[in-house]
Every structure is written in structure tokens, then in C-alpha cells.
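Student: Have a look at this prediction, sequence included:
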Amino acid sequence: MLKAEKLFYSYDNGEKKIEAVLDNLNLNIKKGEFVAVLGHNGCGKSTLAKHFNGLLTPLGGNVYVSGINTKDEDKIWEIRRQVGMVFQNPDNQIVANVVEEDVAFAPENLGIPSAEIRQRVDEALKTVDMYHYRKHAPHLLSGGQKQRVAIAGAIAMRPECIVMDEPTAMLDPMGRAEVMETILKLKARENMTVVLITHYMDEAAQADRVIVMDDGHIVIDDVPRKVFSQVELLKSLGLDVPQVTELAYELNSSGIEIDYDVLTVTECADKIMDYVRSVKSGN
Amino acid sequence: MAIKIENLDYIYMPGSPFEKKALDNINLQIDDGEFVGLIGHTGSGKSTLVQHLNGLLKPHSGNVIINGYSTDTKGEELKRLRCDVGLVFQYPEHQLFEETVYKDIAFGPQNLGLSKEEIDVRVRDAARCVGLPEDVLDKSPFDLSGGQKRRVAIAGVISMRPNVLVLDEPTAGLDPAGREAILSQIKSIYDEGNMTVILVSHSMEDVARLVKRLIVMNEGKVFADGTVEEVFSRGAELRNIGLNVPQVNILFDELVSRGMDINSNVYTVEAAKRELLAYFEKVKEGKENA
């Protein structure tokens, strides 16, 4: 679905050439995959995201969306239709004064007949659970609600894939939970390909696959369980691990025989109870 | 006494269909030199409350008294209030505007009509306070990284030498390393001992490690007010009002419910490790003695 081959990119700020932001990066994301991208600020993850719908085109190498090269200017609108983007700040993405008009903005630009737009908008708003708010003014919604409207705007384009660049960074815990729930629903129901850039490890832990970037490279690419068990490497990259993973890792380093490939509270509690039982039975 | 809030009510858009009681009979006292965490989810009233502390909002009823005088005032007194209480808003880096970092930090003191020398001392001192190296002072604030921009914005408030420093979500949008850096900087500003610090956040994990006292807001009311231990002992209630209790706290609740005899009042990984290691030791001993 999304493919980067030997991707190279660098920003030229006019005066001095700065170093490669993306350096010989190779990546293949399959249809229906939910991929989380982690990395500290400045590691190149947002730059990568902007390559997936042709907002940026590679200075070296190629990026393909469903087999279409993003350098092909004639196909740029097809690429943008296939890959919806959602950004960090909900207030910067909302254009209309009424929720349903905002969601209709993109399909209107595609020149779709109005009856179909109506249907798409309703569907999209129901998917993100904002149908009741369709007549509301976006600026009176909460952050989580605004972000869900932005997601509805993206899915009204009927994309194959949604790329989200820190959609929860400005939200409170409730808003974050709403957005994550929406993402998981899109994946389960629509088999949507989702690329989620985030700083929150608990969100990444829910993905099918986690990519960790550093300095324009992919340094880890694996299932969440395998990624988060590399506690020391992640910390050296300026990233966190879920608290329960860190706890199990710390216990392990203190000589307690306990696996630390745990991601959830339940898993961690299971491991601790197993350990206590093994001590009691004298093994 | 630094801050005294008595029977404070505040209503947004009174008389309109959108009328909303944002603060409902708030009573609080915060003493000089306290380090307080103010927590609550969006819409709980915490930002409305802090905007009362320097008179940006005036109470609809009740009083807010800072260092002995009411915020419901005008002219010179209001000016003094704004100097006494420094407010760092969310995403303060959006408010940077000067050509150089130096000028941006100097903007506030300049408006106070201070001498050049005094301004220079204050700018350099504020920059040091937030951990900005000297060579950054001549750069444009817009060439800095997100974390550094935020430090510049905080320095701009500190250069006013407030008695009370209020920070509204200072770590929002930063990566884990940036969050850690800003929080430890705030801790060291507090440790210098000249200011009462109020840290507004919806992340319990962030504030729990720093502050001594936690005030939890919910639906315009003070929901809880006490030491970190006291507040966290109400873990289940906090989760009900939409706050994210640290994951280890949830883990310890789970372990207790599975029959482990441990103190569930734990909210950092370090404390959790200590508690568990001690428990494992006890289990081993118990077995040897049996």
C-alpha cells in the first residue's frame, strides 16, 4: 500500500544545507496494517508522513502509494484521495462553521454529486461517532471531538489509508481515548491502513507494528511486544516504555526472574503472580 | 499568605443558551513557597481558575486575594498583580515575536521601565533559570527547537520576577525527553526558593513526581486537595472523572485484588520496584521459616 525505497530528503533553509532528514529509508506498509511510528522530535517522522501523500516528494529514491509513484504529478490528486492526513492541531484543520459542512469540504472538491456527498458525510460522521453533532459549530467542540471531525473529513474522501501526525498530542486523556477508539474501529471495520505518529507509548502498544526512527533512519521495526522489550535502546533514543514494561525490566535487572516483554497491566500482574508462586513452591 | 480564594463562582456566557458554570464555589488557600499540581480533564475549570489568579478573569461572585489585595481591581494595583503572578499559557512558544531571544525575554521588564543594566541582569538570570545557553540569546527564537522555544517563553515570564509562577500544561506536545527536560527545569526553578509554583496538567504521571500538594478539579469544583499520597489513594474515583492514574497504580490495585498483601499507594516505577522487591523478600523469608 505504502512503499518507500531508498528515500532521501533534506530541508534547504536557504543559507546552509542541513543534513539528511531522511536517509536511505526503506519501508513497506501493507493494506490494513496499523503502524505506529515513534521517535524523538526532529527524527524525521513528520517528514516521512508528508511523503505518503505527496506533500513532499523525495530528493532521492521513490515513494509509492498503491503502486503510483508520488513524483507523478498527473496522479497527485489520486494519491491525495487515497491517503488522508490528520495533523496535530485540530483548530488548524477545520475550515467550515458547521461540522457537516467541514466534513463535506473534501468530497465537494472532488466534484462528487451532492446526494452522494450527503451519504458520505453521514457515514463518516457516524463512523467517528459525531453524527449527533453534525449541526454544531466546530469551535465549541472539545479537542477530542474536533479531532474526530478532522478524521471524518479524511474518511469522507474514502481513502485507502490514513496518516496521522500526532493527532492526540494536544488532547487530554479522554480525548486521546476517543481518538484511539476511532482508529481501532476504522481498522477493524473498514480494514483501513493506519499510520499513527505518536509520542505516547500506550498508543503505539495497540498497533500491529511499531517503527522507531532516529536521525532519519528506521532503527527498530517489529511487533510492539518485541519493540518495547528493548528498554535500554528506547531510553537511549529519548523514548519511554509503558510503565509496566519498565517495572518488569527493572525487577529483572535486580535479579528477579521475570520476563519483561509485557505491555499491559494484566500481563504484568500475571508475570508477578507467576513469580510469587514459583518462589512459594521453591523453584 | 500568597493566594486566597473565597467562594469563587464564574459563569461563561451568562444569559445565553451556552451559559456554563465554569467555577462553582471554589475555596482554596495556597501559601508562599508551595509547589502545587492542579489537575483535571479538559473542561474541569482549571484554566478558568488560573486566569483568575492574575485578574485576566474577574469573579462573578466571591473573592480572589493575592498577597492581601483583591484581583477585582484596576490601574496600578492591577499592574502590580500582573507582576506578582506570572502566567505561562499553553503552547507559550506561539507568543514569541521578537527578532532575538534576548529581546523577547527583555520585553516584559522593558515595559516596567527598568534600567538597561537591570534588564540585562534579569534577562541573563531568566535564561539561566530555564537552562538556555548564553549563545542562544542572539539567535532568532524561530530558529530554535520546540523545547527551546518553550524555554524562551517561560524565561520571558520569569524575567518579570513574579512571586507566583503558574504554568498551564508546560509539557503539552513535547516528546518524552523534552517533557522530562522541562519538568526537571521547573523543579530546579522551584528549588531556588523564590517562587510559589502552580503546575497545571492533565498528566498525573508528570506532576506526581514533582509536587507535594495536588488539587484535583472536576466540573468546576475542587474534587480533591491533599498530598500526592492522599489524592492517589482515591485511584478509582480519579479514573471515574477521566484522569489517567499512573499505570503502576492500576497494576498495584490489580495485584491487591488478586490477593497480594502490598501497599497499593504507589505511583512511580521506582516506588513500585521497592515495594515489590520488599514483598518478594518477605515471601522468601516466610518460606524459609515455614
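Tutor: Received the coordinates, thanks. Numbering: from 1, shown residues only, chains lettered A, B, ... in the order given.

Student: domain ranges for chain B?
Tutor: As given by automatic domain parsing, the domain ranges for chain B are B:3-229, B:246-290.

Student: touching chain A at all, the shortest one?
Tutor: Yes. With CB under 8 Å from any CB of the partner chain as the measure, domain B:246-290 is seen reaching chain A through B:246-248, B:250-251, B:254-255, B:258, B:260, B:269, B:272-273, B:276-277, B:279-280, B:283-284, B:287. Backbone N, C-alpha and C define where each C-beta goes, glycine included.

Student: PyMOL command for the buried members of these?
Tutor: Selection of buried members from the residues of domain B:246-290 next to chain A for PyMOL, criterion 16 or more other CB atoms under 10 Å in any protein chain shown:
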select buried, chain B and resi 246+247+248+250+251+254+255+260+269+272+273+276+279+280+283
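
Student: So what's the residue count around B:T100?
Tutor: With neighbours defined by other CB atoms under 10 Å in any protein chain shown, the count for B:T100 comes to 15.

Student: Local confidence estimate at the closest residue to it other than its chain neighbours?
Tutor: Once flanking residues are discounted, B:T100 sits nearest to B:D138: 5.6 Å by CB to CB, 6 or more residues apart in numbering or on different chains. Looking at B:D138, its pLDDT stands at 92.

Student: The one 3 residues further on now?
Tutor: At B:P141, the predicted lDDT confidence score is 89.

Student: Tell me which of the residues of domain B:246-290 next to chain A fall in helices.
Tutor: B:247-248, B:250-251, B:254-255, B:269, B:272-273, B:276-277, B:279-280, B:283-284, B:287 (DSSP state H).

Student: pretty sure B:E76 is in a helix, no?
Tutor: Yes. Counting by DSSP: H, G, I helix; E, B strand; the rest coil, B:E76 is part of a helix.

Student: What pLDDT is listed against it?
Tutor: B:E76 is given a pLDDT of 83.

Student: burial measure for it, as a count.
Tutor: For B:E76, using other CB under 10 Å, the count is 8.

Student: tell me the contacts of it?
Tutor: For B:E76, no contacting residues are found, by CB atoms under 8 Å, 6 or more residues apart in numbering or on different chains.

Student: shouldn't the residue nearest to B:T100 be in contact with B:V101?
Tutor: Yes. With contact defined as CB atoms under 8 Å, B:D138 counts as touching B:V101 (7.3 Å).

Student: SS state for the residue of the stretch 101-250 of chain A found nearest chain B?
Tutor: The stretch 101-250 of chain A approaches chain B most closely through A:G238 (3.5 Å), counting by CB to the nearest CB. Assigned by three-state DSSP, the conformation of A:G238 is coil.

Student: Tally up the residues packed near it, please.
Tutor: A count of nearby residues for A:G238, using other CB under 10 Å, gives 18.

Student: Can you pull out the low-pLDDT segments for the stretch 151-290 of chain B?
Tutor: Along the stretch 151-290 of chain B, the parts satisfying pLDDT under 70 run over B:288-290.

Student: Where do the helices of it begin and end?
Tutor: Along the stretch 151-290 of chain B, the stretches classed as helices by DSSP state H, counting those that start in this stretch are B:176-191, B:204-208, B:228-232, B:235-240, B:247-257, B:269-289.

Student: still on that earlier bit, neighbour count: B:D138 and B:V101, which is higher?
Tutor: Between B:D138 and B:V101, B:V101 has the larger neighbour count (other CB under 10 Å), namely 28 against 11.

Student: How about the contacts made by that one?
Tutor: Contacts of B:V101 were listed using CB under 8 Å, 6+ apart, and they are B:A127, B:L132, B:V136, B:L137, B:D138, B:K139, B:S140, B:P141, B:L144, B:V152.

Student: Next step: those restricted to strands.
Tutor: Under the assignment DSSP state E, the contacts of B:V101 contribute nothing to strands.

Student: B:R151 contacts B:I189, correct?
Tutor: No. B:R151 is not in contact with B:I189 according to CB under 8 Å; the separation is 10.9 Å.

Student: Looking at those two, which one has more neighbours?
Tutor: B:R151 (28 against 20).

Student: Grab the nearest non-local neighbour of that one.
Tutor: What sits nearest to B:R151 in space, not counting adjacent residues and going by CB to CB, 6+ apart, is B:V130, at 4.2 Å.

Student: How about B:N7?
Tutor: Residue nearest to B:N7 in three dimensions, not counting chain neighbours: B:G62, with 3.8 Å by CB to CB, 6+ apart.

Student: which neighbours does the helix or strand harbouring the one you found have in its sheet, and in what orientation?
Tutor: Using DSSP states H and E, B:G62 maps to strand B:61-66. Strand B:61-66 has the following sheet partners, assigned by DSSP bridges: strand B:3-12 (antiparallel), strand B:69-70 (antiparallel).

Student: I would like the residues contacting the next helix or strand after the longest one, please.
Tutor: Toward the C-terminus, strand B:3-12 is succeeded by strand B:20-30 as the next helix or strand (DSSP H and E). The contact list for strand B:20-30, computed with CB under 8 Å, 6+ apart, reads B:1-13, B:36, B:45, B:48-49, B:52, B:62, B:196, B:198, B:215, B:219-222, B:225.

Student: so which residue of the stretch 1-150 of chain B comes closest to chain A?
Tutor: Among the residues of the stretch 1-150 of chain B, B:T42 lies nearest to chain A; the distance is 4.4 Å by CB to the nearest CB.

Student: That residue against A:R176, yeah?
Tutor: No. Here B:T42 does not reach A:R176: they are 10.7 Å apart, not a contact under CB under 8 Å.

Student: more crowded one of the two?
Tutor: Legend: neighbour count by other CB under 10 Å for B:T42 and A:R176, higher for A:R176 (23 against 16).
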